[in-house]
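**Student:** quick one, fold the following:
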Amino acid sequence: MPIVSCILPVYNGERFLAEAIDSILRQTLVDFELIIINDGSKDGTASILEEKQRSDSRIRIINQLNGGIVSALNAGLAECRGEYIARMDADDISMPGRFAFQAHYLDTHPGCVLVGGVATTRELGETASERVTGGPHKRTDLTVFPPKIAVSVHPLIMVRRTAFEVLGGYRAEFPHAEDYDLFIRLAELGTLDKPDEVVLIYRRHEDAISIRNIELQERSAARAEIFAIAETGQGPVPEWLFEAYVRYRILRRYKRVDARRIEPLIRQAWRDLFDLTPTRVFSRRYSQLRMRFAKVILGYYWKGLKRR
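**Tutor:** Numbering: from 1, shown residues only. Coordinates of the predicted model:
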C-alpha cells in the first residue's frame, strides 16, 4: 500500500494539466499513487492523461461522465489505498518536497487530522507573489457569530484516510463549498494545522471555478456554517440574519478579488449597517455582524481615499 494517495479531479483542464501532473511525479517521497478523475472532459485532457499514464505506473485514471467536483472527488476517494490522502488541482503546481513534509508532519502530530501549509499565488503572466494559508483561524469556534472556521487551501491539503472514512467523504449539499463543509466537519475529529512551509503554487485565473461562482460559493459556505451551528444545539439562525450574513460574505469576497462589483453592494451594506428595527437592535448575533459590515465599508472608503 502506498503511503500517500493523491486525488486530482479534472474537467477540460488541458491548459495546465501536464504541468500539474509533472509536479506530483517529481515528489521526493516516491511511495504514492496519483488517482486522476477525468470528469467527462471534452478537450484534450484524455490524451494528456493517457500519455502520462504510459510514462509512470503510479498514475491511475478514472474516466466518468461529467458529474461535478463532488462526484469526482468521492470517486477518487473510493479508490484510495494510502494511509494519507492528498488533494491536487489540475491548474496548480506542488513543490517537490510537499508529500514528504506533510506525511512526516502527520506522522509526528497524532492529534492533527489535516495538514496544510503555505501557497504562493501566481497570476497569469506574473511570478509567484502573495502567500496564502486559507484563513487566519487556527481553531474552529461555532459558539460565536459569525463563527470562526479553521480552513486551508483545498488543493494543498493532506488528510488522514481514517478521517475521510468517518465523515463519509464530500457532501453535495453545499455547491462550490464542499471543501469548506469538509473543514468544518474535520474540526470535530482533530486539529487542522497550517505549518509555515511553502508546498504549492496556486494559480489564479478567470477560468477558476472559485472565481466564476463567488456568490453561490459564499451562500453555500454560509449554509454549511449555519447547519453546523444548529447541530451544536445553539438554535436556528433566522432567515433574515442568514441573508444579511450572505450579503456580508459576498461583499467581503468581492472586496478582495473583484473591486468592480463592490459599488452596488456597498449601498445595501449601508442599509444593513443602519437597520434599527427592534429585531435587529436586540439581536446579539446581528450586533456582531453589524460591526463586520462597518469594518468592510470603512476599509472600502479608506482604500479609495488612499488612491486619490
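**Student:** put the alpha carbons of the helix or strand containing Asp272 into CSV.
**Tutor:** Element membership for Asp272 (DSSP states H and E) is helix 263-273. Only the C-alpha atoms of helix 263-273 are listed here, as CSV (Å, rounded to 0.1, in the frame of the first residue of the first chain):
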residue,chain,number,x,y,z
GLU,A,263,-20.2,49.6,-5.5
PRO,A,264,-23.9,48.3,-5.7
LEU,A,265,-23.3,46.1,-2.7
ILE,A,266,-22.0,49.0,-0.6
ARG,A,267,-25.3,50.7,-0.8
GLN,A,268,-27.1,47.7,0.6
ALA,A,269,-24.3,47.3,3.2
TRP,A,270,-25.1,50.9,4.4
ARG,A,271,-28.8,49.8,4.9
ASP,A,272,-27.7,46.7,6.8
LEU,A,273,-25.4,48.8,9.0
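**Student:** and the contacts of that helix?
**Tutor:** 244, 247-248, 250-251, 254, 289-290, 293-294, 296-297, 300 (C-beta atoms under 8 Å, 6 or more residues apart in numbering). Every residue, glycine included, has its C-beta placed from N, CA and C.
**Student:** next secondary structure after it?
**Tutor:** helix 278-281.
**Student:** now do the buried residues in that following helix.
**Tutor:** Arg280 (16 or more other C-beta atoms under 10 Å).
**Student:** could you give me the buried positions within whichever helix or strand comes after that helix?
**Tutor:** Per DSSP H and E, the first helix or strand lying C-terminal to helix 278-281 is helix 284-307. Residues of helix 284-307 classed as buried: 285-286, 289-290, 292-293, 296-297, 300 (neighbour count, 16+ other C-beta under 10 Å).
**Student:** could you do stretch 193-205 as well?
**Tutor:** 193-194, 198-204.
**Student:** once you drop chain neighbours, what's closest to the residue positioned nearest the centre of the chain?
**Tutor:** Central residue of the chain (C-alpha atoms, centre = their mean): His154, 4.0 Å from the mean position. Nearest residue to His154, sequence neighbours excluded (C-beta to C-beta, 6 or more residues apart in numbering): Asp179, at 4.0 Å.
**Student:** right, and that neighbour touches Val153 too?
**Tutor:** No. Between Asp179 and Val153 there is no contact, the gap being 9.1 Å when judged by C-beta atoms under 8 Å.
**Student:** could you look up the SS state of His176?
**Tutor:** coil (DSSP: H, G, I helix; E, B strand; the rest coil).
**Student:** ok, it - how many residues close by?
**Tutor:** 21 (other C-beta atoms under 10 Å).
**Student:** on the pLDDT front, check it for me.
**Tutor:** With respect to pLDDT, His176 scores 94.
**Student:** repeat that for the one 10 residues further on.
**Tutor:** Residue-level confidence at Leu186 comes out at 98, pLDDT.
**Student:** ok, back up a step: rebuild the buried residues of stretch 193-205 as JSON lines, extending it with pLDDT.
**Tutor:** Converted to JSON lines, these look like this (pLDDT from 0 to 100):
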{"residue": "Asp193", "pLDDT": "98"}
{"residue": "Lys194", "pLDDT": "97"}
{"residue": "Val198", "pLDDT": "96"}
{"residue": "Val199", "pLDDT": "98"}
{"residue": "Leu200", "pLDDT": "97"}
{"residue": "Ile201", "pLDDT": "94"}
{"residue": "Tyr202", "pLDDT": "92"}
{"residue": "Arg203", "pLDDT": "88"}
{"residue": "Arg204", "pLDDT": "79"}
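**Student:** residue ranges for the strands of the protein, please.
**Tutor:** Listed in chain order, the strands of the chain (DSSP state E) span 4-10, 32-39, 59-64, 84-87, 93-94, 112-115, 118-123, 131-132, 158-160, 191-193, 198-204.
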